[in-house]
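In: below is the sequence, then the predicted model.
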Amino acid sequence: MSPVKLFILLICGVVATAAFDLFGQWLTPTLGFARLAPEPLATQTLRTLFGPFEGAATGGTILHWATGVLFYPIGYVFIARPIARAVTPWVPSIVVAVVYGVALWVFALYVMAHLVNGNPAFLAWTGITWVALIGHVIWAVVFAALYHAAER
């Protein structure tokens, strides 16, 4: 990947993560729905993996942003999109993005929250579950739209 494409990937990740956070930490609680807590979940993950340590909350914030800016974009560009192009080349990019967003939601709320951290699966199917689903789909659609636009 060229430096320019990497820069584009990172900028798209920043904007998508900002959209995710604006939706889940500002809009939904403003409208009376659950507030997402990605930083505390990331902090919990760090504490689960490494034990309690000073600065875990800061580490959780960094992990949340690194995930949204770098790791999720890499998954889309190098895994989800190539698989979709090989297996279902007729499927529009927006559909690939929505499916990827749902996969991210499963990863976050089942793998990380439940299997790694020991929380109830999908956070017990409470309001945060559905806000997280929509938030992860928003992240994926925003990222894919910006990334595809930048490729043109």
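Out: Cool, the structure landed. Numbers count the residues shown, from 1 in each chain.
In: which helices and strands does the helix ranked longest in the chain pack with?
Out: Ranked by residue count under DSSP state H, the longest helix found in the chain is helix 127-151. With contacts defined as 3 or more C-beta pairs under 8 Å, 6 or more residues apart in numbering; DSSP states H and E, helix 127-151 has these neighbours: helix 3-21, helix 72-75, helix 93-106. C-betas here are computed from N, CA, C, even on glycine.
In: show me the shaky parts of this protein.
Out: In the prediction, the chain carries no residues with pLDDT under 70.
In: gap between G55 and R47?
Out: 11 Å (C-beta to C-beta, to the nearest Å).
In: ditto for G60
Out: 9 Å.
In: who has more neighbours, the two?
Out: Using other C-beta atoms under 10 Å, the more surrounded residue of G60 and R47 is G60, with 21 against 16.
In: and the nearest residue to Y76 once chain neighbours are set aside, how many neighbours?
Out: Leaving aside its chain neighbours, Y76 sits nearest to Y100 (5.6 Å; criterion: C-beta to C-beta, 6 or more residues apart in numbering). By other C-beta under 10 Å, 25 other residues sit near Y100.
In: adjust the sequence numbering to begin at 55 for everything that follows.
Out: Let's use 55 as the start, then, which means that last one is Y154.
In: residues in contact with Y154?
Out: Counting by C-beta atoms under 8 Å, 6 or more residues apart in numbering, Y154 touches G129, Y130, A134, A194, A198.
In: G189 now?
Out: G189 neighbours (C-beta under 8 Å, 6+ apart): F74, F77, G78, L90.
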